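# I would like the atomic coordinates for the input below:
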Amino acid sequence: MSALAATVGREHIRLALPALTRKWEEKGLLQKIAQLRAAGWTKWEAGNASAWSFLGIDPLKVDAEMDLATDCRCMS
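You can find the predicted model right below:
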């Protein structure tokens, strides 16, 4: 990820969370998200409503440090 960020610029990259996560994939996904957030990645794309819990944020509150985009269809 660092090489790509160095080439195109971190501000041009949005990390997408999967639309479907199986239970056995969840632990690894949460670990990877934690590593990326600790490394300063703040631009995310929500594949479904679980993105808020995976990112550890409250969907009803503004998080000034998080830039989360989503397709409104995942909220219906």
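# Report the residue spans of the protein with pLDDT below the cut-off.
72-76 (pLDDT under 70).
# Where do the helices of it begin and end?
Remark: helices assigned in the chain by DSSP state H are 2-8, 23-38, 51-55.
# quick one, which of the ones you listed is packed in tightest?
Neighbour counts (mean count of other C-beta atoms under 10 Å) averaged over each of the helices of the chain peak at helix 51-55, with a mean of 18. Any C-beta I mention is one placed from the backbone N, CA and C, and that applies to glycine too.
# hmm, who's touching it?
17, 21, 29-30, 33, 37, 44, 46, 58-59, 66, 68, 70 (C-beta atoms under 8 Å, 6 or more residues apart in numbering).
# okay if I get the residues you listed as JSON lines plus distance to residue 4?
Below are the contacts of helix 51-55 laid out as JSON lines (distance: C-beta to C-beta, whole Å):
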{"residue": "17", "distance to residue 4": "17"}
{"residue": "21", "distance to residue 4": "23"}
{"residue": "29", "distance to residue 4": "20"}
{"residue": "30", "distance to residue 4": "22"}
{"residue": "33", "distance to residue 4": "17"}
{"residue": "37", "distance to residue 4": "17"}
{"residue": "44", "distance to residue 4": "16"}
{"residue": "46", "distance to residue 4": "21"}
{"residue": "58", "distance to residue 4": "30"}
{"residue": "59", "distance to residue 4": "28"}
{"residue": "66", "distance to residue 4": "20"}
{"residue": "68", "distance to residue 4": "20"}
{"residue": "70", "distance to residue 4": "22"}
